[in-house]
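Enquirer: predicted model and sequence follow; I will ask about them next.
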Amino acid sequence: MAHLEERTDKKTDKKTAKRSEKTKPPAHVDSDLTKVEYRTFNFKQDLKAIKRIWREVGWVTEDAAEKAMDIIFSVDDTVVGCINGNPECSVLAQSGTMRLDETDLPLCVIAAVTTSRIGRGQGFAQNLTAWQLARGTKKGAAVAALGMFDQGFYNKVGFGTGAYTNEFAIDPSSIDVSVKPRTPSRLTEADSDAILKAMVNRPRSHGAVVIDNAHSARAECLLSENGFGLGYFSGKTLSHFIWLSGEGEHGPYTLEKMGYSNGEQLLELLALLKSLADQIYSIKLREPPEIQLQSMLKRPFREQAIAEKGKYYAEQNTYAWYQLRILDLRACVSAVSFAGSPVRFNLSLTDPVTEVLQAAKQVTTKIKEPWTGVGGHYAVEFGVKSSARLMPAGKLDKSLPTLSCSVDTFSRLLWGVAPATSLAISDGLQAPQTLLSALDPVFKTNPNPVWDF
């Protein structure tokens, strides 16, 4: 699901404006009477207001998208920030897993943060996100992730930038595969359960995310603009598929999802994309983690030069679209297995979410979760069996080197987004050079969630 905090659209079609007019709050709010509160979401009472907010920020303009909201908000965990009793911000969270090394850790996904036009400047998004992190930890989550609208805002609650992802826009005819695809089956929103199972069965590499949520899978099909799928069944089981969205006869189209269990199926899906080239001129997709897509394209630089600045463009971009943070330090450290000589050190960790939660608790008494972040002093060892023990500052082993950083930096280190020697330059990580060099080979690199959220 898309992730947004500060986006507003100036253009609203007449039909949307008419619907918004029926549900908008009073135009005038007396600042002397403003009452701010945080609470959990009430489906019957609050959904109308949340739909108004999503229309205000341009997330939904069609009935199908609002149907998706009915599905999502009826089951997923949501908290709201209110002004004079009216919800003006909502933060929706989902559960899943995220792989660290070879371990699938329980994951809290901050899936949708949306603030109305009059809710800006109240600290809603930051405080409610911090509350959802505490709620997620209470449910057993060890790590949290979100798709960011831009870098910097969620660093204030301890999130660090994830790894780069390659995104391509290509003429599908440029895909250089010799496989001839079979005739696929047509997939619709009604096949969302089969689509979800195929995604769950996809190979999981380091960083892989799984959100095994049937309601979310169905809603995402409804939210994709002009979405459609093509896939292959083995008996009654959908073995591999593609799901695309787009506009017009010739596109451009976006590959929203792609599920497969092995390399042979991946090649058939690429061949299937290629077969669409008779009518579709441009498809945007993220690079699958198993291949280097550029090496499988015919003359990619020529294609980019020819299509430059055109509607049916061809290009390659590299960027980080998600952020992550540790919620349970001991669980995350324990997931790392390093076959080399053990690396032992003292860790001094800061976590900005502590202050945010303290501020949020002054607004409401409903935040009762005991979790206040992971800041503190730890004795850490990375080896075949890694461990982290919370220690009083005076009880640390003074013979060991000390590493000092914030939780966003340590999260990036554990998932191998960047090596320790690099984080010492870019993220303020402090440690002796010998410790930095010893840590560089410990962690797997290039984490790739694959799953969009």
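Expert: Everything's here; your move. Residues are numbered from 1 along each chain as shown.
Enquirer: neighbours of the spatially closest residue to residue 406 that is not a sequence neighbour, how many?
Expert: Spatial nearest neighbour of residue 406, chain neighbours left out: residue 350 (4.9 Å); criterion: Cβ to Cβ, 6 or more residues apart in numbering. The way it works is simple: take the backbone N, C-alpha and C, and place the C-beta from them, glycine included. By other Cβ atoms under 10 Å, 17 other residues sit near residue 350.
Enquirer: for residue 350, which residues are in contact?
Expert: 375, 405-407 (Cβ atoms under 8 Å, 6 or more residues apart in numbering).
Enquirer: could you rank these by neighbour count and give me the top one?
Expert: Among those, the one with the most neighbours (other Cβ under 10 Å) is residue 407, at 25 neighbours.
Enquirer: pretty sure that residue is touching residue 349, no?
Expert: Yes: shown here, residue 407 and residue 349 form a contact pair, counting by Cβ atoms under 8 Å, at 6.0 Å.
Enquirer: hey, what's in contact with both of those two?
Expert: With Cβ under 8 Å, 6+ apart, residue 407 and residue 349 have common neighbours 374-375.
Enquirer: picking up where we left off before, most widely separated two among the contacts of residue 350?
Expert: Greatest spatial distance among the contacts of residue 350 (Cβ to Cβ): 375 and 405, at 10.9 Å.
Enquirer: which neighbours do these two have in common?
Expert: 349-350.
Enquirer: ranges for the helices of the stretch 151-300 of the chain?
Expert: For the stretch 151-300 of the chain, the helices defined by DSSP state H, counting those that start in this stretch cover 192-200, 214-223, 263-275, 300-307.
Enquirer: residue 341: which of those helices is closest?
Expert: helix 263-275 (35.2 Å).
Enquirer: same question for the closest one: list its buried residues.
Expert: By 16 or more other Cβ atoms under 10 Å, the buried positions in helix 263-275 come out as 265-275.
Enquirer: stretch 112-119 too?
Expert: Buried-residue list, stretch 112-119, by 16+ other Cβ under 10 Å: 112-116, 118-119.
Enquirer: do the same with stretch 395-410
Expert: Neighbour-count burial for stretch 395-410 [16+ other Cβ under 10 Å]: 396, 401-410.
Enquirer: from the residues you listed, which land in helices?
Expert: Judged by DSSP state H, helices contain the following of the buried residues of stretch 395-410: 407-410.
Enquirer: closest one to residue 190 out of the residues you listed, please.
Expert: residue 408 (41.1 Å).
Enquirer: who does the helix or strand harbouring residue 66 touch, helix- and strand-wise?
Expert: Here residue 66 sits within helix 63-75, counting by DSSP states H and E. Contact analysis of helix 63-75 by 3 or more Cβ pairs under 8 Å, 6 or more residues apart in numbering; DSSP states H and E lists helix 43-56, helix 214-223 as its packing neighbours.
Enquirer: show me what counts as buried in the shortest one.
Expert: Across helix 214-223, burial judged by 16+ other Cβ under 10 Å covers 215-223.
Enquirer: would you mind giving the residues you listed as a markdown table with distance to residue 385 and pLDDT added?
Expert: Listed next are the buried residues of helix 214-223 as a markdown table, based on distance: Cβ to Cβ, whole Å; pLDDT from 0 to 100:
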| residue | distance to residue 385 | pLDDT |
| --- | --- | --- |
| 215 | 38 | 95 |
| 216 | 35 | 94 |
| 217 | 36 | 96 |
| 218 | 41 | 95 |
| 219 | 41 | 94 |
| 220 | 38 | 94 |
| 221 | 42 | 94 |
| 222 | 45 | 91 |
| 223 | 43 | 89 |
